[in-house]
Each structure stands twice: as structure tokens, then as C-alpha cells.
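> structure of the sequence below:
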Amino acid sequence: MIAIQLNGTGSWLLFSLIAIGSPAYSGDPITPERPSGQRTADTAACRQNAVERAMAEGTDQMQRGDPERAVATIKRALAVDPRCGLAHQLLAQAYLQQGTYETLSEARAELRQAVALDPTLVWARFHLARLYLDVGAADKAHEQLNAAVDLHPDLPHVQSLLGEAERQLGHPRRSVERQKRALALDATFAPAKYYLGLAYLDLEDEVAALPQLEAAAASGLPIAELYLTLGSVHEDARRLDRARVLYERAVAVAADRPEAHMRLARVLTRQGHAVRALDALARALPDGRRLPTTQYYQRLEAMIQLERGRALQVLGQWNDAARAYHEAVSISPDLGEGHRSLAEALYRQGNFSRALEHAERAAALDHPVPSELMRQITARVRR
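Numbers count the residues shown, from 1 in each chain. Below is the predicted model of the structure:
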């Protein structure tokens with residue numbers, strides 16, 4: 001949990017930081033009182049005793065990790081008067097704390113209602129922007145965050161997320177400036193360092209990006225994408241030991257993310273640990289697990305099969321490797337790496353005509369097989 005103290009007062013707003021793009025959200029319980037003892041939304045609808053009591057009880061239930069009861073409690077407040085924007089915000093936070101895809105649409109609707117009823121609710125705008133970013137609606141997120149910054153320019157969380165919206169809109173230089181503003185407000189604010197690193201990567205300035213990403217990682221920020229991004233930088237530079245550690249941290253943060261297991265397996269195979277790689281891949285796609293039927297997940301499933309083939313190939317199990325490679329290109333026919341690997345496996349099996357077919361397909365996809373192997377395949381087919 002991260003605690004924010006507004007304007008040097010004793011009123012604490014508590015919320016758990018969740019990565020943009022993460023599939024599940026934790027709760028973000030916010031205490032409903034101002035430093036003066038007044039409610040954060042000073043409206044007649046929210047000042048009614050029954051509404052206040054239900055909001056306080058629901059907030060307490062969220063802080064104790066019981067969002068299901070909190071939903072029922074806060075709905076009781078809204079039954080008294082549905083015009084309380086803060087109650088809609090708290091209900092959205094209870095939905096988010098449940099951490100399921102099913103509750104995200106309910107949370108989004110409640111946050112929209114909260115902002116419509118009380119445009120001064122900064123955290124409603126913040127969480128709504130986060131949900132917009134999660135579905136790629138950076139323009140809508142930008143609109144909410146601009147309004148939030150106008151209301152509270154001294155919050156690094158809002159400044160930083162606005163910078164990330166700028167980056168996703170294709171303005172990495174603006175993002176850099178916004179992250180620097182966030183860090184000027186709080187030099188220890190790790191999410192700003194993460195987003196700053198991403199902005200530098202977009203600017204193709206890896207030298208500037210790396211220390212920011214490493215600092216964010218050192219903070220223990222529970223964002224799997226941070227460790228995947230930083231691990232990829234080290235993997236591309238062939239610093240495989242560091243990449244493996246980072247991918248292991250990604251797995252620890254988000255054990256249900258197949259991509260984290262797949263990347264870990266890829267490094268393990270490159271380091272000669274093929275058996276461990278196969279174990280990691282088994283966790284990426286356990287028997288019976290089905291991934292969503294989107295282009296991203298289809299590609300990911302193909303990459304999992306590709307890495308399984310590579311690990312089996314290291315172990316000398318060419319027949320099983322060929323089956324895995326075939327599965328990869330069946331799932332994703334434009335996977336050039338899969339066709340290249342399948343061509344070699346088929347050559348090893350003595351299936352030269354099919355090897356040539358996949359070698360030619362790999363070349364067309366800019367992943368040609370090694371020239372010597374291509375020569376051997378061609379020579380065998382001509383015999």
C-alpha cells in the first residue's frame with residue numbers, strides 16, 4: 001500500500017498501485033475525510049448520516065480485504081441517495097479490489113457516474129483514466145488526467161499517469177517532462193521512474209532508460225511489465241543472468257501471466273537449462289488452460305510452442321521439437337522463426353521437400369535459415 005499525504009496534513013489517502021495493462025486490479029480504498037474532518041465530497045447527498053455511515057463501513061471493509069461485503073454496504077448508501085459521487089467512487093474501488101475482468105465494466109460505469117456527479121473527485125478521475133489506458137483509450141485517459149492535474153497539481157501519481165498517457169499518445173518527450181515533474185514532487189516515486197524509463201526507450205535512449213528502470217525494479221514495484229521490459233533490454237544485450245533474474249521476478253509478481261513464464265523459458269534454454277525451460281513452459285500453458293482468442297494471445301501461444309520446440313531441440317528430441325514447431329506455425333502462420341526452426345527439424349527427420357517449403361516461407365518472412373543449411377536442403381530435394 002502507498003500512503004499519500006495531501007498538503008502536509010494528517011489526512012491519508014491509501015491505495016495500492018496497480019500496473020497499467022495488468023489483467024486484474026486490486027482495491028484502492030480511500031478514506032472519506034478531509035483534514036478538517038469534512039467529507040471529501042462536501043455535497044448534501046453525501047452528508048446524510050446513513051450515507052456517511054455506509055461509506056465509512058464500506059471503506060473499512062475494503063481496508064480489511066473484504067470487497068464483496070464492501071460492494072453490498074456501499075450499495076446500501078446509494079440506495080439512500082444515488083446522487084453521492086463519493087459513494088459511486090468507493091463502489092468502483094470495491095469492484096476493482098475484487099480483481100476480476102467481470103467487475104471492470106461495473107467499476108468503469110461507477111467512476112463515470114462519480115465524475116458526472118462531482119467533477120472534483122480527483123481519485124475517481126485517476127482510476128477512470130487508468131481503466132481507459134488499460135483498454136488503449138489514451139485520449140480519454142488524457143482528458144481525465146488533465147482535469148485531475150488542474151484540481152491537484154501537487155500529486156505525483158496524477159502527474160506521472162498523465163505522462164504515461166502522453167507517451168501512449170506518441171509524445172515521449174512530453175512524457176519525460178511530466179515524469180520529471182512527478183519526481184520533483186517525490187524523488188522516491190517509483191512508478192514515475194518506470195514510466196520515465198519507458199519514455200526514454202521510446203526515444204531510443206537506452207543509456208538514459210536503463211538506470212530509471214533499474215531504480216524502479218530496485219523499489220520492488222509490483223508491476224510485472226516493469227520486469228519484462230527491463231529483462232528484455234538485458235536479454236537483447238546478452239546479459240542473460242540479469243534477464244533471468246528479472247523474468248523470475250515477473251513470474252513472482254504475476255504467476256498467471258503466460259508471457260512471463262515464456263520469456264523465462266527462453267532465457268533458460270539459451271543458457272542450456274532446457275529441462276527447467278520446459279517446466280516454465282508447462283506453467284505458462286498448463287494442460288486444459290485456454291487463452292483468450294485475441295491476436296495477442298494467439299501470438300503468445302505460438303511463441304510458447306516455439307520455445308517448447310527449442311528446448312526439446314536442445315535435448316535432442318527432434319521429433320517432439322518438430323511437432324511443437326508445427327503447432328506454432330499452425331497457430332500463427334506468419335511466425336517466421338517458427339518456419340525457420342521447423343525447416344531444420346524436418347531436415348533432421350529426412351523430410352526434405354517439406355523442409356524446403358518451410359525454409360522458403362521463413363525467408364519470405366525475413367527469417368531465412370542459415371545459408372549452409374539452405375544449400376543442404378536444396379541439394380537433398382534435387383536428388
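> CA atoms only: put stretch 357-372 into CSV for me.
Listed in CSV are the C-alpha atoms of stretch 357-372, where the atom choice follows Å, rounded to 0.1, in the frame of the first residue of the first chain:
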residue,chain,number,x,y,z
GLU,A,357,8.7,-25.4,-48.2
HIS,A,358,9.2,-24.0,-44.7
ALA,A,359,12.6,-22.7,-45.4
GLU,A,360,11.2,-20.7,-48.3
ARG,A,361,8.3,-19.5,-46.1
ALA,A,362,10.8,-18.4,-43.4
ALA,A,363,12.8,-16.4,-46.0
ALA,A,364,9.7,-14.7,-47.2
LEU,A,365,9.0,-13.6,-43.6
ASP,A,366,12.6,-12.3,-43.2
HIS,A,367,13.8,-15.2,-41.1
PRO,A,368,15.9,-17.2,-43.5
VAL,A,369,17.6,-20.4,-42.5
PRO,A,370,21.4,-20.4,-42.4
SER,A,371,22.8,-20.4,-45.9
GLU,A,372,24.7,-23.7,-45.5
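> which parts of it are buried?
Along stretch 357-372, these residues count as buried under the neighbour rule (16 or more other Cβ atoms under 10 Å): E357, H358, A359, E360, R361, A362, A363, L365, H367, P368, V369. (Glycine included, C-beta is placed from N, CA and C.)
> also stretch 71-84?
Using 16+ other Cβ under 10 Å as the burial criterion, the residues of stretch 71-84 that qualify are V71, T73, I74, R76, A77, L78, V80, D81, R83, C84.
> and that stretch, how far out from the chain's middle?
Between the centre of stretch 71-84 and the centre of its host chain there is 32 Å, according to Cα atoms, centre = their mean, to the nearest Å.
> average pLDDT across that stretch?
Averaged across stretch 71-84, pLDDT comes to 93.
> residues in contact with that stretch: which ones?
41, 43, 45-46, 48, 50-51, 54-55, 57-58, 61, 87-88, 90-91, 94-95, 98, 117 (Cβ atoms under 8 Å, 6 or more residues apart in numbering).
> then stretch 147-167?
By Cβ under 8 Å, 6+ apart, the residues outside stretch 147-167 that reach it are 4, 6-7, 20, 119-120, 122, 125-126, 129-130, 133, 138, 141-142, 145-146, 172, 174-179, 181-183, 185-186, 189, 191-192, 195-196, 198-199, 202.
> any of these buried? List them.
6, 20, 120, 122, 125-126, 129-130, 133, 138, 141-142, 145, 172, 174-176, 178-179, 181-183, 185-186, 189, 191-192, 195-196, 198-199, 202.
> and the helix or strand where A50 lies, which residues are buried?
When elements are assigned from DSSP states H and E, A50 belongs to helix 49-63. Along helix 49-63, these residues count as buried under the neighbour rule (16+ other Cβ under 10 Å): V51, E52, A54, M55, A56, E57, G58, T59, Q61, M62, Q63.
> now stretch 140-158
With the criterion 16+ other Cβ under 10 Å, stretch 140-158 contains buried residues 140-145, 147-149, 152, 155-158.
> rewinding a little: so the very next helix or strand once past the helix holding A50 versus helix 49-63, what angle?
Moving toward the C-terminus from helix 49-63, the first helix or strand encountered (DSSP H and E) is helix 67-80. Between the axes of helix 67-80 and helix 49-63, defined by axes from the mean of the first three to the mean of the last three Cα atoms, to 10 degrees, the angle is 170 degrees.
> could you measure from D118 over to H88?
Per Cβ to Cβ, to the nearest Å, D118 is found 9 Å from H88.
> hmm, back to that, ok, so of the buried residues of stretch 71-84, who is nearest D279?
For the buried residues of stretch 71-84, the residue nearest D279 by Cβ to Cβ is V71; the value is 38.9 Å.
> what's the closest of the buried residues of stretch 357-372 to I377?
Relative to I377, and with distances defined as Cβ to Cβ, the nearest of these is A359, at 5.7 Å.
> was I right about the closest one contacting H367?
No: taking Cβ atoms under 8 Å as the definition, A359 is not a contact partner of H367, at 9.9 Å.
> quick check: neighbours shared by those two?
Looking at what touches both A359 and H367 (by Cβ under 8 Å, 6+ apart), the common residues are H339, R340.
> which element, helix or strand, includes the closest residue to V251 other than its chain neighbours?
Taking Cβ to Cβ, 6 or more residues apart in numbering, and ignoring the residues beside it in sequence, V251 has A260 as its nearest neighbour in space, at 4.6 Å. Using DSSP H and E, A260 sits in helix 258-270.
> so for that helix, what's the average pLDDT?
Here the mean pLDDT over helix 258-270 is 97, rounded to a whole number.
> give the buried residues for the helix or strand just after that helix.
Counting by DSSP H and E, the next helix or strand C-terminal to helix 258-270 is helix 274-284. Buried residues in helix 274-284, defined by neighbour count with 16+ other Cβ under 10 Å: A274, R276, A277, L278, D279, A280, L281, R283, A284.
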